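Undergrad: Kindly generate the corresponding structure for this input.
(chains A and B)
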Protein chains: 2
Amino acid sequence: MSSERKAHVEASRRAYSGRIVKVDVDTVRLPNGQVAELEMIRHPGASAIVPFASDPSGDDPQILLIKQYRYAADAFIYEIPAGKLDGGEAPEACARRELEEETGCTAERFEHLCTFYTTPGFTDEKIHAFMATGLTRGETRHQRDEVMTLETVTLSRALELIRTGELNDAKSALTLLYVAGFTLSR
Amino acid sequence: MSSERKAHVEASRRAYSGRIVKVDVDTVRLPNGQVAELEMIRHPGASAIVPFASDPSGDDPQILLIKQYRYAADAFIYEIPAGKLDGGEAPEACARRELEEETGCTAERFEHLCTFYTTPGFTDEKIHAFMATGLTRGETRHQRDEVMTLETVTLSRALELIRTGELNDAKSALTLLYVAGFTLSR
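TA: Coordinates of the predicted model:
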């Protein structure tokens, strides 16, 4: 089986179109020749940011976390700042905008860390993860359905929140483990 | 703002109900008093497994990865074995069943690692991650829309695939970084 063989879409039907979520039901000939009807949630993609509040090369640097109300969890959960790409927006521009909206901060530098599929079994959503350094604080501009507070913690504290399960948002945990394990250890 | 304040659901409408995906549009009074209409993809949850093919306490142990065709990516991507909870199934039972279906392996021991929200902005999906040890090989039982091959790699090779972006599935990358960073280093 070659990695080059792709699916052939035989039919596609938009089954639901909402404010954020669009569901397509596609009839697809898979690389193994089987024909399957697949539900796919179409998503524009998103960017997420680890904002460093102190020099990331320092001993146990400080980062910003948000604690945001999520209806999916019916709880306030720890996350890194993140948000959807607005119509054709470049991932770094989205990271810059979301960082400012959610934390009030502008940053001198953005460095791309990694890009991943959030849950490829049913959505094409990809998240582009960045680190932001050289922060200047300003005013937040939350949307009316965003309920969040900002916390400054050390990176080691953030990793401890992941270990204990208190930080249980996948994009945030993955990005923090990535930057701690691969980027800062360079 | 207390973490105890929860949302109040004022109305709920099932906007789409498919084979895997169900979309609810809920009118919700948020903890800040604002009323918002929120789209929520209801998902039964899933389990994911890091299968250790050699002693996990050994130097650079071997694990199993699957390379699976995903229509969301229109590509074969690296993942750890995983699958949805079947109607009320316990997470560990699901992990045991999915490991056997996707890799043909049974395991002597399952250890829970972490549980996380995949993308809490629009779905309530939670993934329960386990490590499996003491493997015995057997026959795979793929579903007809599953197209995958099995690869045995060292844990350090898997981490390198994450670092380079070749392994770009969030649940797999997060679970592998978790087990390498927190569980095996105990």
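Undergrad: would you list every one of the helices in chain A?
TA: Assigned by DSSP state H, chain A shows helices spanning A:91-103, A:155-164, A:170-178.
Undergrad: All the strands of chain A, in order from the start?
TA: Listed in chain order, the strands of chain A (DSSP state E) span A:8-17, A:22-29, A:35-42, A:46-51, A:62-70, A:75-79, A:82-84, A:106-117, A:126-136, A:148-154.
Undergrad: So which of those strands is nearest residue A:176?
TA: Across those, the minimum distance to residue A:176, taken as CB to CB, is reached by strand A:46-51, at 6.4 Å. In this view, the C-beta of every residue, glycine as well, is placed from N, C-alpha and C.
Undergrad: Export only the CA atoms of the closest one, formatted as PDB.
TA: The C-alpha coordinates for strand A:46-51 follow below in PDB (Å, rounded to 0.1, in the frame of the first residue of the first chain):
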ATOM      1  CA  ALA A  46      -6.700  27.800  14.200                       C
ATOM      2  CA  SER A  47      -3.500  29.200  15.800                       C
ATOM      3  CA  ALA A  48      -2.400  28.700  19.400                       C
ATOM      4  CA  ILE A  49       0.400  30.600  21.300                       C
ATOM      5  CA  VAL A  50       2.700  30.000  24.300                       C
ATOM      6  CA  PRO A  51       3.300  33.600  25.500                       C
END
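Undergrad: partner strands of that strand, parallel or antiparallel?
TA: Partners of strand A:46-51 in the sheet, by DSSP bridges, are strand A:82-84 (antiparallel), strand A:126-136 (parallel).
Undergrad: What are the structural domain limits within chain A?
TA: Structural domains annotated on chain A: A:8-42, A:46-183, as defined by automatic domain parsing.
Undergrad: can you list the ones you listed in JSON lines and add mean neighbour count and distance to residue B:140?
TA: As requested, the domains of chain A are exported to JSON lines (neighbours: other CB atoms under 10 Å in any protein chain shown; distance: least, CB to CB, whole Å):
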{"stretch": "domain A:8-42", "mean neighbour count": "16", "distance to residue B:140": "13"}
{"stretch": "domain A:46-183", "mean neighbour count": "19", "distance to residue B:140": "18"}
